[in-house]
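**Q** here you go, sequence then predicted model.
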Number of protein chains: 2
Amino acid sequence: MVKRSGVLEFAVLGILHEGPMHGYVLRKRCNAVLGSFRAFSYGSLYPCLKQLVAAGWIAEDTDASPAAAAGKRSRIVYRLTADGKEHFQELVAESGPSTWEDDGFGVHFAFFGRADTATRLRILEGRRSRLEERMDGFRAALTRTRERVDGYTLELQRHGLESVEREVRWLNELIETERQTGTTAARTTAGDGPDPSVHTSTT
Amino acid sequence: MVKRSGVLEFAVLGILHEGPMHGYVLRKRCNAVLGSFRAFSYGSLYPCLKQLVAAGWIAEDTDASPAAAAGKRSRIVYRLTADGKEHFQELVAESGPSTWEDDGFGVHFAFFGRADTATRLRILEGRRSRLEERMDGFRAALTRTRERVDGYTLELQRHGLESVEREVRWLNELIETERQTGTTAARTTAGDGPDPSVHTSTT
DNA sequence: GTTAGCATGTAAGGAGTTACATGATTTT
DNA sequence: AAAATCATGTAACTCCTTACATGCTAAC
């Protein structure tokens, strides 16, 4: 029983908003969108797709193109179901711990355009308070160990602290923008209606 | 067969350089040293310790303190063997992929003081070239998708790029220092002789 | 006609986590 | 004597990767 869920599931549902695809292109599209944050292998993608079908979030249409018609192994085209869209909206709005992790946040953020302003604000603020905790941790470590640790550990902690501080400033800007305008930074259209983002395109 | 290796193994061997300890304090010390980069649970620590014993990198001494002498479950004190020290030196010098990962790098860096200058330089440069690849990835993504993606994805990529650039600058400084002095930033004593770093202390 | 790349999958394993079980020792 | 916390472990599960197996189709 190889259960599957989490970040890959989320990404698949997110990508499928662009329209029906079969596994192969889905993975490419996925790795293109998530860019440098995460990459998935077929070994996890295909089993994940099956799970999502079983759960009812997506449906498979065995390719109806003329080329298929024989008894051959036709390509399977996956599309989002209504339930899947709904489920995705729940996931986007979710503020569970995984969202605050580094990985999880990158992926979540990649589909931010599909959440509404209130959700976005909540997620951004959640992430920020997580980072603030980390900052405290760094600062505590820095004062605690300043004398009895070698220069490298110190350097690492300093660099870590500065990175986190930078990200907090970034989040502050985003939160500010979000508060003022609600919808300036992006074309905001939550999960209904025609796609707010890219459709599969020639690359 | 629950195999174990990698970053936890590395951390355990690193920490045990400070002196013999039993599992409980080892984990605390570990999470203290690795601070905000990584935390381990007992569920992975204890099995890992057994593996390390089986491999001969560490040895267990059933606590010889007077309190134990009865038939009770005495606390097990782990100490590094000579083989273990040797193995750790190999691991520190290792430039395998996991070292360039974010997680792996933080942990590796935390024990940098136990590697020699040449090794340190190699690792720092390896990390840097990894980051440079990532930078290229970000830049490519930024130009590729500038028009057909919503503002959030763009923001994310920009922030990501800047973070990586910052880290590259940081690495450059470290590499520079390392090249000039070899041993200014830290009290450098590679894996022999008495400990270069902290001994178990009251906290 | 054979390499390259499209397309789908499975089996085994890796590196951990959570939740649970248990018992010893110290503090209040 | 009850509560906290020290101390050691196991079982089940998570979520993904690698390596493998397979077959189709387009390009050279």
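**A** That came through, no problem.

**Q** look up how far chain B lies from the residue of chain A found nearest DNA strand D.
**A** Residue of chain A nearest DNA strand D, by C-beta to the nearest atom of the strand: A:Gly43 (2.3 Å). C-beta here means a position set from N, CA and C on the backbone, and glycine is covered the same way. Counting by C-beta to the nearest C-beta, to the nearest Å, the gap from A:Gly43 to chain B is 18 Å.

**Q** ramachandran angles for that residue?
**A** Here is the backbone geometry of A:Gly43 (degrees, to the nearest 10): phi -60, psi -20.

**Q** next, count neighbours for it.
**A** 8 (other C-beta atoms under 10 Å in any protein chain shown).

**Q** tell me if the top helix by length along chain A is near chain B.
**A** Taking DSSP state H as the criterion, chain A has its longest helix at helix A:151-181. Yes - under the criterion of C-beta under 8 Å from any C-beta of the partner chain, chain B is reached by helix A:151-181 at A:151-153, A:155-157, A:159-160, A:162-163, A:166-167, A:170, A:174.

**Q** highest neighbour count among those?
**A** Sorting the residues of helix A:151-181 next to chain B by how many neighbours each has (other C-beta under 10 Å) puts A:Leu156 first, at 26 neighbours.

**Q** report all helices and strands that the longest helix of chain A contacts.
**A** Judged by 3 or more C-beta pairs under 8 Å, 6 or more residues apart in numbering or on different chains; DSSP states H and E, helix A:151-181 is in contact with helix A:117-145, helix B:102-110, helix B:151-181.

**Q** let's see 10 Å
**A** Under the contact definition 3 or more C-beta pairs under 10 Å, 6 or more residues apart in numbering or on different chains; DSSP states H and E, helix A:151-181 sits against helix A:102-110, helix A:117-145, helix B:102-110, helix B:151-181.

**Q** before we move on, the earlier item: what's the closest of the residues of helix A:151-181 next to chain B to B:Cys48?
**A** Using C-beta to C-beta, A:Thr153 is the member of these that lies nearest B:Cys48, at 22.2 Å.

**Q** which residue, other than its chain neighbours, is closest to that closest one?
**A** Excluding the flanking residues, the one nearest A:Thr153 by C-beta to C-beta, 6 or more residues apart in numbering or on different chains is B:Ala110, at 5.8 Å.

**Q** same check, this time on A:Asn31
**A** Excluding the flanking residues, the one nearest A:Asn31 by C-beta to C-beta, 6+ apart is A:Ala39, at 4.9 Å.

**Q** and what of A:Leu26?
**A** Spatial nearest neighbour of A:Leu26, excluding adjacent residues (C-beta to C-beta, 6+ apart): A:Ile15 at 6.0 Å.

**Q** repeat that for A:Leu13.
**A** Leaving aside its chain neighbours, A:Leu13 sits nearest to A:Phe88 (4.3 Å; criterion: C-beta to C-beta, 6+ apart).

**Q** next: A:Pro20.
**A** The spatially closest residue to A:Pro20, leaving aside those adjacent along the chain, is A:Arg79, at 3.9 Å (C-beta to C-beta, 6+ apart).

**Q** local confidence estimate at the closest residue to A:Gly106 other than its chain neighbours?
**A** In space, and not counting its chain neighbours, A:Gly106 is closest to A:Phe37: 3.7 Å by C-beta to C-beta, 6+ apart. Here, the pLDDT recorded for A:Phe37 equals 81.

**Q** my guess is A:Phe37 is in a helix, correct?
**A** No - counting by DSSP: H, G, I helix; E, B strand; the rest coil, A:Phe37 is located in no helix; its state is coil.

**Q** give me the distance between A:Glu178 and chain B.
**A** Distance from A:Glu178 to chain B, counting by C-beta to the nearest C-beta: 10 Å.

**Q** hmm, that residue is touching A:Arg128, no?
**A** No - between A:Glu178 and A:Arg128 there is no contact under C-beta atoms under 10 Å: 11.8 Å.
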